[in-house]
Each structure stands twice: as structure tokens, then as C-alpha cells.
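S.K.: coords please:
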Amino acid sequence: MSHVPTMLPVQSAQPAPAPASLARRASRLNDWMRRYSWAVAMTVAILITVGGLVILESGRMRIASEYETALDAKGATAQLSTLAADIATLTADERGFALKPDGAYQTHFRETSGRVRRTLASLDAYYRRIGDDTALASFAQIRAAADDEIARGTVRLADSSKDTAADAAARERALALPPPDASATLDAALSLLRLNEEQRAQHALDASRADQRISTLCVAALCALNIVLFLLLFRNLGIQLDKQARVQKALITQQEELDRLVFERTRQLEALAWHLQSVSENEKTELARELHDELGSILTASKMDVAWVRGKLKDTEPAMAEKLARALGSLDQGIALKRRIIEDMRPTVLANFGLVTALRSLVDEAAQRNGWSIESDLPGEDVKLGEAIEIALFRVAQETLTNAAKYARASRIRVALDVDDENVSLSITDDGIGIRPQDLKRTQTHGLVGMRQRVSARGGRFEIERVTPHGTAISVSMPRERRDDANIVMPAA
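M.R.: Residues are numbered from 1 along each chain as shown. Sure thing, here's the model as predicted:
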């Protein structure tokens with residue numbers, strides 16, 4: 001026998017969702033719930049409130065309908081009772097007229113008959129409106145019997161009025177009308193209808209009371225649910241506000257820490273900038289000294305040697321003497337250039353005569369080069385302000401006059417220096433085209449960065465503004481005395 005291998009069904013392997021993916025989904029769901037839980041709670045509260053209002057309104061309508069049904073049933077019961085009484089009155093009027101023919105019985109019979117017809121019409125409309133087929137069939141029988149009674153009584157009262165001399169036997173027959181079985185059947189049908197209407201009224205009242213209880217329970221449940229939802233909402237809101245307050249407090253703390261770090265870094269950068277400026281000034285001073293001592297000596301010695309050689313060759317070698325004369329001129333230009341470079345690096349007039357004389361000399365030289373008219377308000381005698389302050393003020397004046405010569409196209413310059421016991425103020429004003437408004441907002445224009453840094457490093461204030469109608473005004477104010485430079489904290493390398 002050949003062995004047939006059994007084929008087992010192969011189920012396709014469904015890749016299980018990765019735990020990381022499920023964790024991300026759960027995290028997103030939690031984040032969404034934390035972020036929008038108040039909106040979900042509000043939406044649920046609104047939906048429940050609207051649904052509760054709809055339920056209450058429908059309950060109110062049912063209660064009103066049930067009350068109306070009860071009132072109609074009570075009214076029908078009263079009308080049936082009135083109908084039974086009026087039918088009995090019709091019978092009594094017939095018997096009374098048969099015993100004693102009197103027009104009053106006829107009148108009362110007609111009035112009662114009209115009232116019975118109206119009651120029958122009202123009850124017929126009522127039973128047709130409520131659609132109770134069983135009661136409507138019973139009422140049809142009552143209505144037919146009542147109509148027969150009215151018709152029979154009307155005929156008898158009319159016949160008796162024509163024959164007033166009827167015999168006693170006819171009157172006895174009249175007293176026996178209507179037949180007892182017909183009257184009992186009519187009374188039983190009326191009693192059954194009254195009982196049915198009383199049960200209908202009681203059932204409607206019971207249903208209305210049940211609906212009232214249900215409405216009361218719905219209102220209580222709705223109020224309780226809304227209270228719970230609002231408590232949850234306010235709890236969540238409180239948690240969110242507390243979280244927001246903690247985050248805001250953390251942000252304030254971080255902002256304060258950042259402000260402190262920025263302040264420290266700013267102080268370190270200012271100290272570094274001032275240190276670099278000091279190093280630059282010191283290097284300029286050292287370079288100026290070396291140029292003055294070394295290069296000046298070399299140029300002076302070379303000039304003296306060339307002049308001596310030229311004197312020796314002036315008569316014998318006129319061509320060479322002319323070349324040497326030209327070399328002397330070049331040496332003079334080199335010496336003048338050396339002096340100008342030294343003055344730019346370290347003004348000797350500032351070092352030798354002080355700030356007032358240096359400013360006056362600087363302004364006069366700039367006026368001569370640019371053809372300006374000068375208005376100066378400088379102290380009559382020089383004052384000692386300290387090397388650092390004097391260098392800072394001199395460099396600011398030097399940069400300002402350089403900018404005015406390059407850009408302002410001015411014709412008049414006013415320089416004022418005011419010194420008191422605590423502060424020193426320098427102001428320079430020109431009548432040129434004036435600095436542009438966009439340049440006032442930029443800190444990288446016309447050497448403003450260097451001037452601001454020099455002044456702020458010494459604890460001063462630097463201001464530049466456009467003068468009306470045209471021109472530019474620069475004012476500097478700084479204290480005469482400042483803390484020792486050794487207290488400046490340098491940034492760590």
C-alpha cells in the first residue's frame with residue numbers, strides 16, 4: 001500500500017503589531033485625551049443636557065395629553081350621568097303629563113329633550129375622537145334608545161294634549177311607560193359607560209403620575225450627571241491650570257537663569273572688549289615708541305649722512321648731488337609719514353599736554369583739512385581725567401570727525417567738553433546731511449560699535465541722533481572715577 005501524506009492546512013502568519021508602535025499609539029491617545037478631555041466632557045455634557053431636555057419635553061407632552069384624556073373622561077362621565085338624569089326626567093315628565101295634562105310638562109319635556117340631544121351629540125363626537133369602537137357601539141345603542149324615548153314621549157304628549165277626556169285606563173297605561181326591562185337596560189348601559197370612562201380617567205391619571213415620577217428621576221439623574229461632568233471638567237481644568245502655572249514658573253526660572261547668564265556673558269564680553277582695546281592701545285603705544293625711537297633714529301641718521309654726502313659732491317658731481325637732494329626729500333616724507341603714523345597710534349600731544357589740548361589740536365587739524373568753521377566750548381585749562389578715559393574720549397572724537405569728513409558734507413563743527421566732580425561729557429555736532437534713520441538702528445555703521453564699546457566699557461553712555469533740520473549730534477557721558485580694572489572678570493579660556 002502506498003502511503004499518502006496528510007496535508008495540514010497552512011495558516012498565514014499575521015505579523016503582530018510591534019510593541020513600539022502600540023506604545024506610540026497609546027501615547028498619542030493619552031496625549032489626545034489629556035489635551036482634549038475637557039472638550040470631550042463638554043460635548044458629552046451638552047449632548048446629555050440636550051437629550052434630557054428632549055426626554056423632559058416629550059414627558060411633559062405625554063403628561064399634558066394624559067391629563068387631557070383624564071379631563072375628557074371625567075367630562076364624559078359627567079355627561080353620561082347628566083344623560084341618565086335627563087332620560088329619567090323625560091320618563092317622569094311623560095308620567096306626570098299622563099296623570100295630569102299640563103303644558104308645563106310639555107315645555108320641560110322639550111327643554112330636556114334638547115339637552116339630551118346636545119349631550120348625545122357631544123358624547124358621539126367624543127367617542128369618535130378617541131376611537132374606542134367598543135364604547136362607541138354601546139353608546140350607539142344608548143343613543144338609539146334615547147332617541148326612541150324622545151320620539152315616543154313627544155308623540156304621547158301630543159296625543160294626550162288632543163284628548164283631554166281620556167279614561168282612567170289610558171292613564172294607567174301611561175303610568176306603566178316605559179317598559180321596565182328597557183329602562184333597566186338603558187341604565188345598565190349608561191352605568192357601564194360611566195364605569196369605563198372612570199377607569200379611563202384613572203388610568204390616564206396613573207400614567208401621568210408615572211410619567212411625572214420618570215421625569216423627576218430623569219431630571220435628578222441629569223443634574224447628578226452634569227454635576228459629575230462639571231466636577232470632572234473643573235478638576236481637569238484645575239490640573240491644567242496647575243500644570244500651566246508650574247510650566248510658567250519653570251519658564252520664569254529659566255528666563256531668570258538665562259538673563260543672569262546673558263548679563264554675566266555681557267559683562268565678560270565687555271571686559272574682554274575693554275581688555276582687547278587696552279591691549280590694542282598698549283600695542284599701539286609700544287609700536288609708536290619703537291617707530292619713534294628706532295625708525296626715527298634710522299631715518300634721521302640716514303638724512304644726516306645723505307646731506308653730508310650731498311654737501312661733499314655738490315660742486316664736483318652736480319648730477320649725483322641732485323639725486324641725493326631727491327633722496328633727502330624722500331627721507332623727509334618718510335619722517336613726516338612716521339610722525340603721522342605715530343600720532344594716529346598714540347597722540348603725543350595727548351600724552352604730553354592732556355585731553356583739552358589734544359582735542360583742540362585734533363579739531364583744528366580736521367578743520368584745516370576739510371575747510372570747516374569751528375565752534376568750540378572747551379575748558380580753558382587742561383584737566384586730568386585718567387589715561388583710559390582720555391584715550392576713550394579722544395578716540396570717540398577722532399572717529400566722529402573722520403565720519404563727518406567722509407559722509408556728513410558739513411561746513412561747521414561744534415565741539416564741547418564739560419567736566420564736573422563726577423562726570424565728564426563730550427558732544428560733537430555738525431550741520432551736514434545728517435545720519436539716516438535706518439543707520440540709527442544699525443550698530444555696524446560709521447564705527448558706532450567701537451565708539452559704543454569704548455564708552456560702555458568705562459561705564460558711560462553714548463548717544464547719537466539726527467539734528468533738526470539737518471546734521472548729526474553725538475554725545476558721550478561717563479564717570480570720572482571707575483572701579484579698578486583688576487575687578488573685571490575675564491571669560492574662561
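S.K.: C-alpha only now, for contacts and for neighbours.
M.R.: Fine.
S.K.: what about the helices in the stretch 101-250 of the chain?
M.R.: 103-130, 133-162, 168-175, 180-290 (DSSP state H, counting those that start in this stretch).
S.K.: the last one to helix 133-162, inter-axis angle?
M.R.: Here the directions of helix 180-290 and helix 133-162 differ by 140 degrees (axes from the mean of the first three to the mean of the last three CA atoms, to 10 degrees).
S.K.: for the record, mean pLDDT for helix 180-290?
M.R.: When pLDDT is averaged along helix 180-290, the result is 81.
S.K.: mind giving me the packing neighbours of that helix?
M.R.: Under the contact definition 3 or more CA pairs under 8 Å, 6 or more residues apart in numbering; DSSP states H and E, helix 180-290 sits against helix 19-99, helix 133-162, helix 318-345, helix 448-457.
S.K.: contacting residues around the closest residue to residue 90 other than its chain neighbours?
M.R.: Leaving aside its sequence neighbours, residue 90 sits nearest to residue 109 (CA to CA, 6 or more residues apart in numbering; 5.9 Å). By CA atoms under 8 Å, 6 or more residues apart in numbering, the contact list for residue 109 reads 89-90, 93-94.
S.K.: ok, the residues you listed vs residue 450, which is closest?
M.R.: Using CA to CA, residue 89 is the member of the contacts of residue 109 that lies nearest residue 450, at 127.0 Å.
S.K.: number of residues surrounding the residue nearest to the closest one when sequence neighbours are not counted?
M.R.: Sequence neighbours aside, residue 112 is the residue nearest to residue 89 in space, at 7.4 Å (criterion: CA to CA, 6+ apart). A count of nearby residues for residue 112, using other CA atoms under 10 Å, gives 20.
S.K.: got it, and the one 3 residues further on?
M.R.: For residue 115, the tally of surrounding residues (other CA under 10 Å) stands at 15.
S.K.: quick revisit: just the helices and strands packed on helix 180-290: most buried one?
M.R.: Neighbour counts (mean count of other CA atoms under 10 Å) averaged over each of these peak at helix 448-457, with a mean of 19.
S.K.: elements contacting it?
M.R.: Counting by 3+ CA pairs under 8 Å, 6+ apart, helix 448-457 packs on helix 180-290, helix 387-403, strand 461-466, strand 472-479.
S.K.: what packs against the shortest one?
M.R.: Using 3+ CA pairs under 8 Å, 6+ apart as the contact test, the elements touching strand 461-466 are helix 437-441, helix 448-457, strand 472-479.
S.K.: report the distance from stretch 239-248 to the chain centre.
M.R.: 17 Å (CA atoms, centre = their mean, to the nearest Å).
S.K.: show residues contacting it.
M.R.: Residues outside stretch 239-248 that contact it (CA under 8 Å, 6+ apart): none.
S.K.: for it, buried residues please.
M.R.: Under the neighbour-count criterion of 16 or more other CA atoms under 10 Å, stretch 239-248 has nothing buried.
S.K.: repeat that for stretch 194-210.
M.R.: Using 16+ other CA under 10 Å as the test for burial, stretch 194-210 gives 194, 197-198, 200-202, 204-205, 207-208.
S.K.: chain center to it, what's the gap?
M.R.: Here the centre of stretch 194-210 is set off from its chain's centre by 59 Å, with CA atoms, centre = their mean.
S.K.: contacts for that stretch, please.
M.R.: So stretch 194-210 is in contact with 62-64, 66-67, 69-74, 76-77, 80-81, going by CA under 8 Å, 6+ apart.
S.K.: go with 6 Å
M.R.: The contact list for stretch 194-210 (CA atoms under 6 Å, 6 or more residues apart in numbering) reads 63, 66, 70, 73, 77.
S.K.: now do stretch 454-463: everything it contacts.
M.R.: Under CA under 6 Å, 6+ apart, the answer for stretch 454-463 is 270, 274, 392, 452, 474-478.
S.K.: and that stretch, C-alpha only, in PDB?
M.R.: Extracted in PDB, the C-alpha atoms of stretch 454-463 (Å, rounded to 0.1, in the frame of the first residue of the first chain):
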ATOM      1  CA  ARG A 454      34.700 102.200  24.400                       C
ATOM      2  CA  VAL A 455      32.200 104.300  26.300                       C
ATOM      3  CA  SER A 456      30.200 101.400  27.800                       C
ATOM      4  CA  ALA A 457      33.400  99.700  28.900                       C
ATOM      5  CA  ARG A 458      34.100 102.700  31.100                       C
ATOM      6  CA  GLY A 459      30.500 102.800  32.500                       C
ATOM      7  CA  GLY A 460      29.400 105.700  30.200                       C
ATOM      8  CA  ARG A 461      26.500 106.500  27.900                       C
ATOM      9  CA  PHE A 462      26.800 107.000  24.200                       C
ATOM     10  CA  GLU A 463      24.000 108.700  22.200                       C
END
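S.K.: quick check: domain ranges of the protein?
M.R.: 29-240, 353-481 (automatic domain parsing).
S.K.: figure out which of these is closest to residue 338.
M.R.: Going by CA to CA, the one of the domains of the chain nearest residue 338 is domain 353-481, 17.3 Å.
S.K.: roughly how far apart are residue 222 and residue 236?
M.R.: To residue 236, residue 222 is 21 Å away according to CA to CA, to the nearest Å.
S.K.: before we move on, the earlier item: of all the domains of the chain, which one comes closest to residue 294?
M.R.: domain 353-481 (23.7 Å).
S.K.: same list (the contacts of residue 109) but as a markdown table, adding distance to residue 290 and pLDDT.
M.R.: Formatted as a markdown table, the contacts of residue 109 follow (distance: CA to CA, whole Å; pLDDT from 0 to 100):
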| residue | distance to residue 290 | pLDDT |
| --- | --- | --- |
| 89 | 152 | 85 |
| 90 | 153 | 80 |
| 93 | 157 | 78 |
| 94 | 160 | 77 |
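S.K.: and of the residues you listed, the nearest to residue 396?
M.R.: Among those, and counting by CA to CA, the member closest to residue 396 is residue 89, at 131.0 Å.
S.K.: the closest one and residue 31: what is the separation?
M.R.: Taking CA to CA, one finds residue 89 at 85 Å from residue 31.
S.K.: hey, least reliable of the helices and strands packed on strand 461-466 by pLDDT?
M.R.: Looking at the helices and strands packed on strand 461-466, the bottom one is helix 437-441 with a mean of 70.
S.K.: sorry, back to before: any chance of the helices and strands packed on helix 180-290 in CSV, plus distance to residue 263?
M.R.: Formatted as CSV, these follow (distance: least, CA to CA, whole Å):
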stretch, distance to residue 263
helix 19-99, 37
helix 133-162, 98
helix 318-345, 33
helix 448-457, 14
